[in-house]
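Q: give me coordinates for this.
(one chain, ligands or ions: 2)
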Amino acid sequence: MCDTCGCGDANLVSVDVHQSLLSANDAQAAALRLRFTGDGVTVVNVMRSPGSGKTALLEATARAFAGRHRLAAVSGDLATSHDADRLARAGVPSAAITTGTTCHLDAAMVERALQGEIGAAARACEYFFIENVGNLVCPAIYDLGQHANVVALSVTEGVDKPLKYPVMFRHADLVVLTKVDLLPHLPEVSVAAIRDALARVMPEPELIEVSATKGAGLDAWLGWLEQRRAAALASRCEGFGS
Ligand SMILES: Nc1nc2c(ncn2[C@@H]2O[C@H](COP(=O)(O)OP(=O)(O)O)[C@@H](O)[C@H]2O)c(=O)[nH]1
Ligand SMILES: [Mg+2]
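A: Ligands and ions are numbered 1, 2, ... in the order given. Next comes the predicted model:
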């Protein structure tokens with residue numbers, strides 16, 4: 001059972017067992033992160049509800065980074081490979097992780113997905129994106145070996161969602177406010193109110209406003225990715241020096 005939202009069956013999986021599963025996941029994720037860091041790959045875990053614009057953000061990122069950086073991705077969904085197919089069409093070597101009934105990815109699923117061509121692409125790229133299963137809560141508590149957590153929050157969700165579902169935002173390094181091209185049609189949605197809500201739940205609030213379809217804000221998003229990559233590479237150099 002998830003210790004945050006309580007999904008799953010508490011009678012079948014005790015909390016103790018769940019804690020030990022999480023520890024095993026953390027150990028596997030730490031090994032993955034070490035391997036990615038050693039390969040010079042920056043791993044970004046993109047989370048949020050279905051339809052918030054995660055895949056569209058990654059498609060736009062692929063278009064904008066084309067010729068500058070190599071990308072690879074895995075995309076988690078309960079069923080279908082639709083998103084991995086979309087990313088592949090955008091030029092990103094991608095694999096689908098279909099979870100069946102599971103509402104989040106874990107490190108073992110990511111590790112299992114990294115076989116064959118996608119495994120090779122994930123080791124040779126600069127940015128490896130993990131599009132997590134569309135869900136408001138559970139993905140946040142599973143470490144996948146990422147260097148950064150990004151939450152894609154869309155303007156159509158309303159300004160109070162960070163306050164109502166704080167868990168994911170507590171784990172976020174960045175919130176990308178998506179679909180900002182729709183703001184003129186949503187007079188009741190105030191970006192200032194969203195920023196205020198985030199300031200109450202994020203340890204270090206950071207928000208970038210993006211329209212994946214119109215391109216607004218993409219430069220700031222790409223700049224943020226470059227900064228995170230520089231930090232991840234610097235940590236690798238420190239590791240070698242110590
Ligand atoms: N207007 C607008 N629509 C968007 C934008 N980003 C995504 N969408 C639309 O939102 C819907 C869900 O996007 P998708 O990327 O599949 O969301 P995901 O489920 O989080 O991966 C699709 O119909 C997209 O075309 C955007 O920046 N502006
Ligand atoms: Mg998607």
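
Q: quick check: residues of the chain near ligand 2?
A: Taking Cβ under 5 Å from the ion as the contact definition, the chain meets ligand 2 at 54-55, 83. Bear in mind the C-beta positions are built from the backbone N, C-alpha and C, glycine included.

Q: so which of those sit within helices?
A: Of the residues of the chain next to ligand 2, the ones assigned to helices by DSSP state H are 54-55, 83.

Q: okay if I get these as CSV plus distance to residue 76?
A: Output for these, formatted as CSV (distance: Cβ to Cβ, whole Å):
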residue, distance to residue 76
54, 10
55, 11
83, 8
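
Q: now residue 181: how far from residue 188?
A: 17 Å (Cβ to Cβ, to the nearest Å).

Q: of those two, who's got more company?
A: The residue with more neighbours, out of residue 181 and residue 188, is residue 181; 16 against 7, by other Cβ atoms under 10 Å.

Q: surely that one is in contact with residue 215?
A: No - the pair residue 181 / residue 215 is not scored as a contact, 9.3 Å apart, by Cβ atoms under 8 Å.

Q: for residue 143, give me the backbone phi and psi.
A: phi -70, psi 130 (degrees, to the nearest 10).

Q: ok, the residue nearest to it when sequence neighbours are not counted - how many residues close by?
A: Once flanking residues are discounted, residue 143 sits nearest to residue 29: 3.7 Å by Cβ to Cβ, 6 or more residues apart in numbering. A count of nearby residues for residue 29, using other Cβ under 10 Å, gives 21.

Q: what sits against the residue of the chain found nearest ligand 2?
A: Per Cβ to the ion, the residue of the chain with the smallest distance to ligand 2 is residue 55, at 3.4 Å. Counting by Cβ atoms under 8 Å, 6 or more residues apart in numbering, residue 55 touches 75, 83, 86-87, 131.

Q: spatially central residue for this structure, please.
A: residue 46 (1.4 Å; Cα atoms, centre = their mean).

Q: you'd agree that residue is in a strand?
A: Yes - membership of residue 46 in a strand is supported by DSSP: H, G, I helix; E, B strand; the rest coil.

Q: any idea how far it lies from ligand 1?
A: Applying Cβ to the nearest ligand atom, to the nearest Å, the value for residue 46 to ligand 1 is 8 Å.

Q: contact partners for that residue?
A: Here residue 46 is in contact with 54, 57-58, 129-132, 150-152 (Cβ under 8 Å, 6+ apart).

Q: cutoff 6 Å now
A: Shown in contact with residue 46 (Cβ atoms under 6 Å, 6 or more residues apart in numbering): 54, 131, 150.

Q: related to what we said a few turns ago, go ahead and confirm the residue nearest to residue 143 touches residue 106.
A: No - distance between residue 29 and residue 106: 8.2 Å, which falls outside the contact criterion (Cβ atoms under 6 Å).

Q: show me what from this protein comes close to ligand 1.
A: Contacts of the chain with ligand 1, taken as Cβ under 6 Å from any ligand atom, map to 50-56, 83, 134, 178-179, 181-182, 211-213.

Q: the helices in this protein, which residues?
A: Using DSSP H, the helices of the chain run over residues 15-38, 54-65, 82-89, 107-113, 116-124, 161-164, 166-170, 191-201, 218-241.

Q: now the ones you listed as a markdown table including mean pLDDT?
A: Supplementary listing: those in a markdown table, determined by pLDDT from 0 to 100:
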| stretch | mean pLDDT |
| --- | --- |
| helix 15-38 | 88 |
| helix 54-65 | 98 |
| helix 82-89 | 98 |
| helix 107-113 | 97 |
| helix 116-124 | 97 |
| helix 161-164 | 97 |
| helix 166-170 | 97 |
| helix 191-201 | 98 |
| helix 218-241 | 87 |
